[in-house]
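Asks: everything below, folded, please.
(one chain, ligands or ions: 1)
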Amino acid sequence: MDKRIDGKAFAEGLRARVASIAADFEGRAGRQAGLAVVLVGEDPASQVYVRNKGKQTLACGMASFEHKLPAETPEADLLALVEQLNVDPAVDGILVQLPLPAHVNESKVIAAINPDKDVDGFHVVNAGRLATGLPGFVPCTPLGCVMLLKDRFGSLAGLDAVVIGRSNIVGKPMAQLLIAESCTVTVAHSRTRDLPEVVRRADIVVAAVGRPEMVKGDWLKPGATVIDVGINRVPAGEGKTRLVGDVDFASAAPVAGAITPVPGGVGPMTIAVLLRNTIVAAHRNAGIALDESGL
Ligand code: NAD
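Replies: Here you go, the predicted structure:
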């Protein structure tokens, strides 16, 4: 089997399954499932993400509502827009693109989203549901990582997993998901002592740090599975740049049993899972049963 875990191909398959379910939903609900994306300001990376999300939402046969607000939009106006989307029956999922400008309190905005439309899974209610094993919405990137792992291995029960990074968006929900899969989970972070030694114990290593090529091949147990969440742009000479992960692919690939490349590994999963969460939200909001096992 190819060592490389092909997230691009898996994400394409997931989007195709979502599109087929979205068509069925439209027939049964008499409307399309809908995703609203709110972008405040002109951050170039965020603009690219939002454009891609909109395009892929439409390609899956769902409605896309884009709200682009100027950087100086007052917090109160943003909260009012979220409230309007909360009660809009055409909107099943709401995503507020982060980061928000400094004058806006991100936690307050996320807390204002109806948890049942919080397809990013960032609301404390959804974090609590994940931590206690209740159905809710799980952040897209870590859920995508677990989908890739389960697709490759089936059961993950009993495996030693090390998650590097403890952010609310990736590291912590990743750890919760792996606990739910019956892994023995260690969460490492910037204050961890002797990180290479901690990583050497792992059957599964998830790197979500934001430091280019930090995890080296000689940190890995031979045969370990490596999931590289990092997306870092580094200079590539002649004024050009290239994307690398948090794992040094050249030294890690020969040692690993399976590894996600950057780009083409975890990255493409995030939007595909967002669309998956949106079609799930649409069914729950419309009171239509959905067999989620194939998603
Ligand atoms: P973050 O900055 O919020 O968190 C980074 C974490 O890494 C922190 O918990 C910190 O304790 C830990 N850390 C920092 N330095 C460390 C060190 N030297 N050793 C061990 N741990 C260290 O970042 P994030 O939002 O969790 O994102 C992490 C990476 O994943 C970034 O590269 C980001 O671009 C990428 N990312 C990718 C996707 C995707 O779609 N594939 C989505 C989200 C984030």
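Asks: going forward, measure contacts between C-alpha atoms and count neighbours the same way
Replies: OK.
Asks: give me the domain ranges for the protein.
Replies: Following automatic domain parsing, the chain resolves into domains at 27-115, 140-268.
Asks: okay if I get these as a markdown table plus mean pLDDT?
Replies: Output for the domains of the chain, formatted as a markdown table (pLDDT from 0 to 100):
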| stretch | mean pLDDT |
| --- | --- |
| domain 27-115 | 97 |
| domain 140-268 | 98 |
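Asks: the ligand is nearest to which of the ones you listed?
Replies: Within those, the stretch nearest the ligand is domain 140-268; the backing value is 3.2 Å (C-alpha to the nearest ligand atom).
Asks: quick check: which element contains the residue nearest to residue 157 when sequence neighbours are not counted?
Replies: What sits nearest to residue 157 in space, not counting adjacent residues and going by C-alpha to C-alpha, 6 or more residues apart in numbering, is residue 182, at 4.5 Å. Per DSSP states H and E: residue 182 is located in neither a helix nor a strand.
Asks: report the separation between residue 261 and residue 241.
Replies: From residue 261 across to residue 241, the span is 17 Å (C-alpha to C-alpha, to the nearest Å).
Asks: compare those two and say which is more crowded by neighbours.
Replies: residue 261 (24 against 12; other C-alpha atoms under 10 Å).
Asks: gap between the closest residue to the more buried one other than its chain neighbours and the ligand?
Replies: Ranked by C-alpha to C-alpha, 6+ apart and with sequence neighbours excluded, the top spatial neighbour of residue 261 is residue 4, at 6.7 Å. Distance, residue 4 to the ligand, by C-alpha to the nearest ligand atom, to the nearest Å: 16 Å.
Asks: surely residue 4 is in contact with residue 259?
Replies: Yes. Between residue 4 and residue 259 there is a contact under C-alpha atoms under 8 Å: 5.1 Å.
Asks: more crowded one of those two?
Replies: Counted by other C-alpha under 10 Å, residue 4 and residue 259 do not tie: residue 259 has more neighbours, with 26 against 17.
Asks: so the more buried one touches residue 2, yeah?
Replies: No. Residue 259 lies out of contact with residue 2 (C-alpha under 8 Å); the separation is 9.5 Å.
Asks: span of stretch 54-64 from start to end?
Replies: For stretch 54-64, the first-to-last residue distance is 6 Å (C-alpha to C-alpha).
Asks: buried sites along that stretch?
Replies: Neighbour counts over stretch 54-64 (16 or more other C-alpha atoms under 10 Å) mark 54, 56, 57, 60, 61, 62, 63, 64 as buried.
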